[in-house]
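A.B. asks: Predicted structure and sequence below. I'll ask about it afterward.
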Amino acid sequence: MGIQIDVVVGYPINDEVERVLGLAEAVGEPVTVTFMWEGGGEAERAVLVPAATLALWEHWAPTAYPASGAEEENRAVAEEPELAHPAEFGAFTLFRRRVGGRTAVAREGVVVAELLDPDEAHWLQEKARNVRQGFMDPKQKAAFEEFLARQASRDDQ
């Protein structure tokens, strides 16, 4: 994934989270983040994807990220989603979505990035790249057809 930056964040220390969010926004590339929970809980990994990059991936990806079988087993738990109050970290506010597991990151009321599961981020990037590589916009397609028309046939060579 573009620039791979691993950052360990001592959650919920505002300065560290704000610094990581600012870093992702500045580089314009996905940043892999590991959240270390207070009290020694299990670490949580996520990929912080700038909003423009995510929009591009979702534009080119042909379908939505498929739900895994493990999520279906936990569907009974998911039916009663936990309350997701916004968490503020300096200039940034995190909005955890009740469905899908994503977290939107906003600054001054504008979503600037989203936290995604690393598998979902990788899947989206790969699907988007594969579709985009097979696409030619109309001007490019016309120019290519014109180029091919000017080429001598194999018989003439």
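C.D. replies: Yes, it's here.

A.B. asks: Give me the helices and strands touching the strand or helix carrying Arg19, please.
C.D. replies: Secondary structure from DSSP states H and E places Arg19 in helix 14-27. Packed against helix 14-27 by the contact rule (3 or more Cβ pairs under 8 Å, 6 or more residues apart in numbering; DSSP states H and E) you find strand 6-10, strand 31-36, strand 44-50, strand 87-89, strand 92-96, strand 103-107, strand 110-116. From N, CA and C alone the C-beta is placed, and that goes for glycine too.

A.B. asks: Between strand 103-107 and it, find me the angle.
C.D. replies: 90 degrees (axes from the mean of the first three to the mean of the last three Cα atoms, to 10 degrees).

A.B. asks: in the protein, which segments are predicted with low confidence?
C.D. replies: Across the chain, the ranges flagged by pLDDT under 70 are 1-14, 37-41, 67-84, 98-99, 153-157.

A.B. asks: tell me, which helix in it spans the most residues?
C.D. replies: helix 118-133 (DSSP state H).

A.B. asks: I'd like the distance from the helix or strand just after it to the chain centre, please.
C.D. replies: Per DSSP H and E, the first helix or strand lying C-terminal to helix 118-133 is helix 138-150. What separates the centre of helix 138-150 from the centre of its chain is 34 Å, taken as Cα atoms, centre = their mean, to the nearest Å.

A.B. asks: repeat for stretch 19-26
C.D. replies: So, by Cα atoms, centre = their mean, the centroid of stretch 19-26 is 14 Å from its chain's centroid.

A.B. asks: Likewise for stretch 46-61?
C.D. replies: 4 Å.

A.B. asks: swap in stretch 124-143?
C.D. replies: The answer for stretch 124-143 is 19 Å, by Cα atoms, centre = their mean.
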